[in-house]
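>>> Sequence and predicted structure below; questions after.
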Amino acid sequence: MRHLHLLALVFTLIVLPLVTPQDPATPPPARPQASPSPSPLPPATVSIDNYRAPAGRIIGAALVSNRAWERLAHLTDHIGHRLSGSKSLERAIEWALVEMKRDGLDNVRGEKVMVPHWVRGEESLELTAPRPMQLAMLGLGNSVGTPADGIRAEAVVVRNFAELDALGERVRGKIVVYNAPFTNYGATVQYRGSGASRAARYGAAAVLVRSITPVSLQSPHTGGLNYDQRQPKIPAAAISIEAAELLQRMHDRGDRPTLRLKMEAKFLPDAESANVIAELLGSEKPDEVVLIAGHYDSWDVGQGAHDDGGGCIIAWEAVRLLKELGLRPRRTIRVVLYTNEENGLRGGNAYRDAHRSELAKHIFAIESDSGTYRPEGLGLAATAPPQVRSNLLEVAKLLAGIGADGIAPSGGGADIGPIMREGVLGASLDVDGSHYFDIHHTESDTLDKINPRDLQLCVATMAVFAYTLADLPEPFKGSEGTGK
Ligand SMILES: [Zn+2]
């Protein structure tokens, strides 16, 4: 068994970093280099003996409950996608507040956050030469629109920024098409994030970005872009892999394809929204907090099922289940459904600002935002002290029976990022995300892409970690720590 344990540790330290899905909103921090002989961790200073029975009860209850599925179905089918500023996001917030109170959770409230209100409007992309053809497209979030009759221009296709730089001023007045094949999300998403401003520097009229995905069935993927304030703002849209390859072939043959791009996208004045918060108050140290979270907003396509309706329901259902089981930990478990992760991160920043004085008592934060797939454990921030990693590996053993006992070498989340930068320990709920980017930010991010059993397993995993971390009598950081 020792060999097995050692193998598991080696797997966690070396193999998982290669396959763990990345947080979708922000490029991941650089992974620490895997060394051939990782330095051994100190022995755990926490004991999980008292938690085997509660963990068994939690897992058993999660696996026979369909409450999470029913709630996710209501959120996705009856409310739908939830872009910041939309009526549907506000409807989702009101519904959660009512239901959380009905669940008997503590201190249920919405904490007001002003959010950007970007609207897509009508949009289209037409190939006008060498033959007329409509191309599937989705404007990129935060993009400006085109003039009312669109932008008509020749397409210039590049595979990367080096090819763009080599062309330089020759793209002036043209529509630059980035046809960069997907390697991993963090590396490829830079074309979506900064491609518009990089091309605007050379006078391009607009850009089209091959969708950030490894596979495609003519499906464009939206997502946020960031304009460089020093460059003119030009319209930007995602196209399918198929369209990008078609344009590439035409360009390479010297066909000089021309396009007409029409987009009504624009910003309206900021809108009022809220972070949704509910708690299971601690029995002994209610001012100490374990925070569990997802983000409640989504893009304005599909249903925001994997991104991140599922993550929100996982966190919410974890505390509801603990309440139903009569498992009240010593410390408080706080659920936060953050607003505006996708195109602003105003929710995460507002939480940090509103709770700054309590952050020293936030002992741990877990965000679920990598899709609702079979859970593998947690990804612990690479900067976490070795004693914390050792203790978390010990707690994770409670989930070995469902295969969710991995602790990956890095993790975190976009929304808990602001409080992690203030020193709060943070982790991501890690899942088998091998198909996440197939449907990420598309019309296909719908409930049918979620396996109900995976959702139950995610609830079980989140609930066991949250309960145990919130209840451990020992300081989680080790003997010299304060439990923070
Ligand atoms: Zn997300």
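Perfect, thanks for sending it. Owing to the predicted nature of the structure, the values given are computational and were not obtained by experimental measurement. Residues are numbered from 1 along each chain as shown.

>>> Leaving out sequence neighbours, find the closest residue to H251.
V157 (4.0 Å; CB to CB, 6 or more residues apart in numbering). Yep, even glycine has a C-beta here, placed from its N, CA and C like the rest.

>>> same check, this time on A470
P329 is the one closest to A470 (CB to CB, 6+ apart), at 3.7 Å.

>>> from memory the one you found sits against G282, does it?
Yes: at 5.9 Å, P329 and G282 qualify as touching, with contact defined as CB atoms under 8 Å.

>>> follow-up on the earlier one: check which helix or strand the residue nearest to H251 maps to.
For V157, the element it lies in under DSSP states H and E is strand 151-158.

>>> which residues are contacting that strand?
With CB atoms under 8 Å, 6 or more residues apart in numbering as the contact definition, strand 151-158 has outside contacts at 128, 164, 167, 170-171, 173-179, 204-206, 208, 235, 244, 247-248, 250-252, 256-262.

>>> Could you check which helix or strand contains G377?
strand 375-380.

>>> Now find how far off-centre that strand is within its chain.
14 Å (CA atoms, centre = their mean, to the nearest Å).

>>> Note down every partner strand of that strand and its orientation.
strand 406-408 (parallel), strand 426-431 (antiparallel) (DSSP bridges).

>>> Out of those, the one nearest L140 is which?
Taking CB to CB, strand 426-431 is the member of these nearest to L140, at 24.8 Å.

>>> Restricting to C-alpha, output the closest one in CSV.
Coordinates of each C-alpha in strand 426-431 appear next as CSV, following Å, rounded to 0.1, in the frame of the first residue of the first chain:
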residue,chain,number,x,y,z
GLY,A,426,-7.5,29.0,-2.3
ALA,A,427,-8.2,26.0,-4.5
SER,A,428,-10.2,24.9,-7.5
LEU,A,429,-12.6,22.0,-7.6
ASP,A,430,-10.7,19.8,-10.1
VAL,A,431,-12.7,17.7,-12.6
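
>>> hang on, the earlier thing: after the strand holding V157, next one along is what?
Next along the chain after strand 151-158, taking DSSP H and E as the criterion, comes helix 161-167.

>>> just checking, what packs against the next helix or strand after that next one?
Per DSSP H and E, the first helix or strand lying C-terminal to helix 161-167 is strand 175-178. Counting contacts by 3 or more CB pairs under 8 Å, 6 or more residues apart in numbering; DSSP states H and E, strand 175-178 packs against strand 151-158, helix 190-200, strand 206-210, helix 241-253.

>>> Could you report the neighbour count for the one residue in the stretch 151-300 of the chain that gets nearest to the ion?
Closest to the ion within the stretch 151-300 of the chain is H295: 5.5 Å, counting by CB to the ion. Each residue near H295 was counted by other CB atoms under 10 Å, and the total is 31.

>>> now P232
P232 has 14 neighbouring residues, counting by other CB under 10 Å.

>>> Pick the most deeply packed of the strands paired with strand 375-380.
Of all these, strand 426-431 carries the top mean neighbour count, a mean of 28, counting by mean count of other CB atoms under 10 Å.

>>> Run through the neighbouring helices and strands of the very next helix or strand once past it.
Sequence order places helix 436-439 as the next helix or strand after strand 426-431, per DSSP H and E. The helices and strands touching helix 436-439, judged by 3+ CB pairs under 8 Å, 6+ apart, number zero.

>>> which residues touch helix 436-439?
So helix 436-439 is contacted by 21, 24, 182, 185, 212-215, 219, 302, 306, 370-371, 373, 444-445, 449 (CB under 8 Å, 6+ apart).

>>> returning to that earlier point: and the residue nearest to A470, that one's in a strand?
No: counting by DSSP: H, G, I helix; E, B strand; the rest coil, P329 falls outside a strand, being coil.

>>> Ramachandran angles for it?
phi -80, psi 170 (degrees, to the nearest 10).

>>> H440 now?
phi -50, psi 130.

>>> For it, list the residues it contacts.
24, 212-213, 221, 223, 306-307, 371.

>>> between the helix ranked longest in the chain and strand 375-380, how many degrees?
Looking across the chain with DSSP state H, the single longest helix is helix 452-471. Helix 452-471 and strand 375-380 meet at an angle of 40 degrees, taking axes from the mean of the first three to the mean of the last three CA atoms, to 10 degrees as the criterion.

>>> quick one: buried residues of helix 452-471?
Buried residues in helix 452-471, counted by 16 or more other CB atoms under 10 Å: 454-471.

>>> about what we covered before: mean pLDDT and distance to the ion added to the strands paired with strand 375-380, as a markdown table?
Compiled in a markdown table, the strands paired with strand 375-380 are given as follows (pLDDT from 0 to 100; distance: least, CB to the ion, whole Å):
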| stretch | mean pLDDT | distance to the ion |
| --- | --- | --- |
| strand 406-408 | 98 | 18 |
| strand 426-431 | 98 | 11 |
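
>>> So for stretch 240-256, mean pLDDT?
Averaged across stretch 240-256, pLDDT comes to 98.

>>> Check stretch 169-188 too.
97.

>>> What are the buried residues along that stretch?
Under 16+ other CB under 10 Å, the buried positions of stretch 169-188 are 171, 174-180, 182, 185-186, 188.

>>> Name the helix or strand for R52, please.
R52 belongs to helix 52-64 when elements are defined using DSSP H and E.

>>> Now do the helices in the stretch 251-400 of the chain.
Using DSSP state H, counting those that start in this stretch, the helices assigned to the stretch 251-400 of the chain run over residues 310-324, 346-354, 386-396.

>>> starting at the chain centroid, how far to the last one?
It stands for helix 386-396. Put simply, helix 386-396 sits 24 Å off its chain's centre (CA atoms, centre = their mean).

>>> quick one, it and helix 452-471 angle?
Here helix 386-396 runs at an angle of 130 degrees relative to helix 452-471 (the same axes, to 10 degrees).

>>> buried set for helix 386-396?
387-396.

>>> quick one: the residue nearest the centre of the chain and T468, what's the gap?
Nearest to the mean C-alpha position of the chain, by CA atoms, centre = their mean, lies D369 at 3.6 Å. Distance of D369 to T468, given as CB to CB, to the nearest Å: 22 Å.

>>> residue contacts, T128?
Here T128 is in contact with 152, 258-260 (CB under 8 Å, 6+ apart).

>>> Oops, could you answer that again for I450 instead?
With CB under 8 Å, 6+ apart, I450 has these contacts: 72, 305-306, 310, 372.

>>> now do D471
D471 is in contact with 51, 329-331, counting by CB under 8 Å, 6+ apart.

>>> do the same with R249
Contacts for R249 (CB under 8 Å, 6+ apart) come out as none.

>>> quick revisit: tell me which of the helices and strands packed on strand 175-178 sits most buried.
Highest mean neighbour count of these: strand 206-210, a mean of 29 (counted as mean count of other CB under 10 Å).
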